[in-house]
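S.K.: quick one, structure for this:
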Amino acid sequence: MKRLAYVALTLYCAMVAAAWAQEPADLRAAPGTLNQLKALPTFKNVARLDELHTAAVVGKEQYRQLATVRNFRELGLDQASDAVGAELGTPTKDYLVRLDQLKNFKDGDDPATLLTDTGMVHYPVTQGNKIRSSVTLATAAGRWQVVSIGDAQRSQKRSDAQIASAKMLKKAEDSYFVVRIPAFNLEFQGTTDAAGTLQLAPILDSPEWELKTGTPVAAAAIFLKLVPAATKHNGLPR
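M.R.: The predicted structure is shown next:
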């Protein structure tokens, strides 16, 4: 009976994991990826995944309700009625690189250690096979809640960078995550390459740092380039 119950649970997890994912238990082993739950078929993980999905669906419905004749363009839609067809895309976790840690980064250090989990998850909102906007969730009092809806332009830029990087690195969509460096107003789509090296693809061009939209660069190289400026930084976001 126990074996049958485990097999049934494993099959359920495999089906759920085809569409949804979970944060990694070990950042160094899988920096930032939303690991598939089929690797961890436990009732606790399934329950947590269901809670995240349920909260995301609430956010999707709120997005649909927000779309009016006055603000549909701000939500990335071509017309207000398009909101009816809005769906959720593949979620990505959100990571932050803190200025105080960046200042101390040295050649040979593991760049993954600079990624601080913000606890947020971004769901792109799709409509007509296009990324239109996003729904962001975070935990409060132990429950997933919607913390923001919209940010259409940024959502589309994230998607563009992810697609470009995935083609170059031959990576799957669900292997990506968001990495932000607020001190320099930089944001990336992150993943690991075939060798396990942390790669970051900027969502916007940054001539100052020789970064091109969607072109993945080793995270360590980016961090080392920023160190001199980080040591002189006043601590305020750009």
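S.K.: low-confidence regions, this protein specifically.
M.R.: For the chain, the stretches flagged by pLDDT under 70 are 1-47.
S.K.: would you mind identifying the next helix or strand past the top helix by length along it?
M.R.: What stands out as the longest helix in the chain, according to DSSP state H, is helix 43-66. Scanning forward in sequence from helix 43-66 by DSSP states H and E, the next helix or strand is strand 87-88.
S.K.: dump the next helix or strand after that following strand to CSV, restricted to CA.
M.R.: Next in sequence after strand 87-88, counting helices and strands by DSSP H and E, comes strand 92-97. The C-alpha coordinates for strand 92-97 follow below in CSV (Å, rounded to 0.1, in the frame of the first residue of the first chain):
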residue,chain,number,x,y,z
THR,A,92,10.9,32.7,-12.4
LYS,A,93,12.4,33.4,-9.0
ASP,A,94,13.8,36.8,-8.1
TYR,A,95,17.4,37.3,-6.8
LEU,A,96,19.2,40.4,-5.7
VAL,A,97,23.0,41.3,-5.7
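S.K.: residue 231: what secondary structure?
M.R.: In three-state terms, and counting by DSSP: H, G, I helix; E, B strand; the rest coil, residue 231 is helix.
S.K.: how close does it get to residue 97?
M.R.: Computed as CB to CB, to the nearest Å, the residue 231 to residue 97 distance reads 15 Å. C-beta: built from backbone N, CA, C; applies to glycine.
S.K.: quick one, which of the two is more surrounded?
M.R.: Under the neighbour definition other CB atoms under 10 Å, residue 231 and residue 97 were set side by side, and residue 97 has more, 25 against 11.
S.K.: the residue nearest to the more buried one when sequence neighbours are not counted and residue 96, how far apart?
M.R.: Nearest residue to residue 97, sequence neighbours excluded (CB to CB, 6 or more residues apart in numbering): residue 181, at 4.5 Å. Here residue 181 is placed at a distance of 8 Å from residue 96 (CB to CB).
S.K.: quick one, which of the two is more surrounded?
M.R.: residue 181 (24 against 17).
S.K.: my read: the more buried one touches residue 101, true?
M.R.: No: shown here, residue 181 and residue 101 do not form a contact pair, counting by CB atoms under 8 Å, at 10.6 Å.
S.K.: and the strand of greatest length in the chain, which residues are buried?
M.R.: The longest strand of the chain (DSSP state E) is strand 115-127. Neighbour-count burial for strand 115-127 flags 115, 120, 121, 122, 123, 124, 125, 126, 127 (criterion: 16 or more other CB atoms under 10 Å).
S.K.: list of residues touching stretch 202-220?
M.R.: 107, 109, 111-112, 114, 154, 157-158, 160-165, 168-169, 179, 184, 186-191, 193, 197-201, 222, 225-226 (CB atoms under 8 Å, 6 or more residues apart in numbering).
S.K.: ok, stretch 130-150 next?
M.R.: 51-52, 54-56, 58-60, 62-63, 66, 74-77, 82, 86, 88-89, 94, 118-126, 151-152, 154-156, 158-159.
S.K.: please pick the buried ones from those.
M.R.: The buried subset of the contacts of stretch 130-150 (16+ other CB under 10 Å) comprises 52, 55-56, 59-60, 63, 66, 75-77, 82, 86, 88-89, 94, 120-126, 151-152, 154-156, 158-159.
S.K.: which residues touch the most centrally placed residue in the chain?
M.R.: What sits nearest the mean C-alpha location of the chain, by CA atoms, centre = their mean, is residue 92, with 2.7 Å. Each residue near residue 92 by CB under 8 Å, 6+ apart is listed here: 34, 121, 122, 158, 176, 177, 178, 189.
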